[in-house]
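>>> Provided below are the primary sequence and the corresponding predicted coordinates.
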Amino acid sequence: MSVGSALVAGNDPLPSLAERALARALEKTGERQANGVLLFLTAEYSRHAQQTVTAVARAARCTQVAGGVAAGVFTDSGWVIDRPAAAVMVLAGGIALGPADTSEACGEPLLGYTDSHFPAAWAGGARKYFGGSFTGAAGLVEPLAWQQSRLAAHCRVQLLGTQVAVDVSLGWRLLGGAQTVESSKAYALLALGGCEAHESLSRALREAGHSGWPPASALCAVLINSGAEASASFAGGRSHPIAILDIGRHGAVTLAERVTAGQRLAWAIRLPRAAEEDMCQCVARLATVAPDPLAGVVFSCIGRGPFFHDGEDRDVECLRERFPCLPLIGTYGTGQIAPNAAGGNLLLQNAVVTALLNQPAGSADVQSEP
């Protein structure tokens, strides 16, 4: 096998945990050295990252080590959020990591990882990205990403020798259709669809059969493209979810982004069962274009996963049920990066971005006769 992954956890953020994970992942490939290593570490490693990355590069005999710090990490063998852990994926055989070629002519998406500062060049550029972000601890000044075995402001690398299929599970379910925004002030949405924002959201919840108010984190606003039908726009990835920060008592709903009069907006809710169904649909779509993948790289929100599904990561289970032996690596972060259907790339929240690595068209595994 040309790809192997492993997860090791311990009580202290020591380089030896990552070295042990590397050794296990490398053993699964049957190779003696790696062509590239994806390495993700939990937040306890924030002040020890370079030492750990250097140790992994030395043990792998490879300078192409890329990744970052996350709130939690996982592989096909399990997940860790509450203590130091290292997740490693070794790329060998005909698969490798390489410096990012950002020219539009190169069609495969780049893997990107960053902190809370989403690069403007990624948002508006022609090149597609998939990946994640992590804001880290307050006051932290150390970089949270690395590439070519060195800490960097951002990580962006190519996955060479493979085709990359990307899909997104937003995990939201619409509460009715789109309405026109009538007034707003800064981040406060004041009125839409002929009533105050608070009443509009309350009515949408009642009409969908929800009694009472769920937490604001379980709700969001969704900007719908002009002229598009809400459900079709949402299902086709041509909409933009916006987190709700506060549901005021005086008519306003505070959003994480500004909206303006004339835009069309719908409400959505995120519930465990609906999110799981959405993730399984995401995996089914990927399976049609990548029926026999070599590996998977997943970027999930810390608000999904075990915290959302009562101690289980049902999102990852959807992927493992479809591809039982697939090597996986992933992170739980504060943002997820995915291509925008309208062009450029988006930094999402509460999403799961899944990339399947596939054998390039026209190539085949050739094994010698015993």
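Yep, that arrived. Numbering: from 1, shown residues only.

>>> Regarding stretch 94-114, how distant is the last residue from the first?
For stretch 94-114, the separation between the terminal residues is 27 Å (C-alpha to C-alpha, to the nearest Å).

>>> Please point out which parts of that stretch sit buried.
For stretch 94-114, the buried set under the neighbour-count rule, 16 or more other C-beta atoms under 10 Å, comprises 95-97, 100, 108-114. (Each C-beta comes from the backbone N, C-alpha and C, glycine too.)

>>> Turn these into CSV, columns for secondary structure and pLDDT.
Below are the buried residues of stretch 94-114 laid out as CSV (DSSP: H, G, I helix; E, B strand; the rest coil; pLDDT from 0 to 100):
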residue, secondary structure, pLDDT
I95, coil, 94
A96, strand, 95
L97, strand, 95
A100, coil, 85
E108, coil, 88
P109, coil, 94
L110, strand, 95
L111, strand, 97
G112, strand, 97
Y113, strand, 97
T114, strand, 95
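
>>> Next, give me the two most distant ones among these.
Using C-beta to C-beta, these span at most 23.4 Å, a distance reached by I95 and T114.

>>> got the residue ranges for the strands in the stretch 201-350 of the chain?
With strands called from DSSP state E, counting those that start in this stretch, the stretch 201-350 of the chain shows them at 219-224, 239-247, 253-255, 264-269, 295-301, 328-333, 335-339, 345-348.

>>> If you count contacts, what does the helix or strand just after the last one end up packed against?
Reading on from strand 345-348 to the C-terminus, the next helix or strand found by DSSP states H and E is strand 352-358. Counting contacts by 3 or more C-beta pairs under 8 Å, 6 or more residues apart in numbering; DSSP states H and E, the secondary-structure elements packed against strand 352-358 are strand 129-133, strand 163-169, helix 272-289, strand 295-301, strand 335-339.

>>> Which strands border strand 352-358, and is each parallel or antiparallel?
Using DSSP bridges, the strands paired with strand 352-358 are strand 163-169 (antiparallel), strand 295-301 (antiparallel).

>>> Just say helix, strand or coil for the nearest residue to R61 once chain neighbours are set aside.
Leaving aside its sequence neighbours, R61 sits nearest to Q33 (C-beta to C-beta, 6 or more residues apart in numbering; 4.0 Å). Under DSSP: H, G, I helix; E, B strand; the rest coil, the three-state class of Q33 is coil.

>>> which ones are touching Q33?
26, 60-62, 92 (C-beta atoms under 8 Å, 6 or more residues apart in numbering).

>>> what residue ranges in the protein are flagged as low confidence?
Where the chain drops to pLDDT under 70, the residues are 102-106, 137-141, 226-238, 249, 361-370.

>>> That one - how does it break down into domains?
Here the domain parsing of the chain from automatic domain parsing is 3-170+274-358, 173-269.

>>> Please enumerate the helices of the stretch 101-250 of the chain.
120-124, 197-207, 230-235 (DSSP state H, counting those that start in this stretch).

>>> Can you lay out these as CSV showing distance to D315?
Putting the helices of the stretch 101-250 of the chain into CSV (distance: least, C-beta to C-beta, whole Å) gives the following:
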stretch, distance to D315
helix 120-124, 24
helix 197-207, 24
helix 230-235, 18
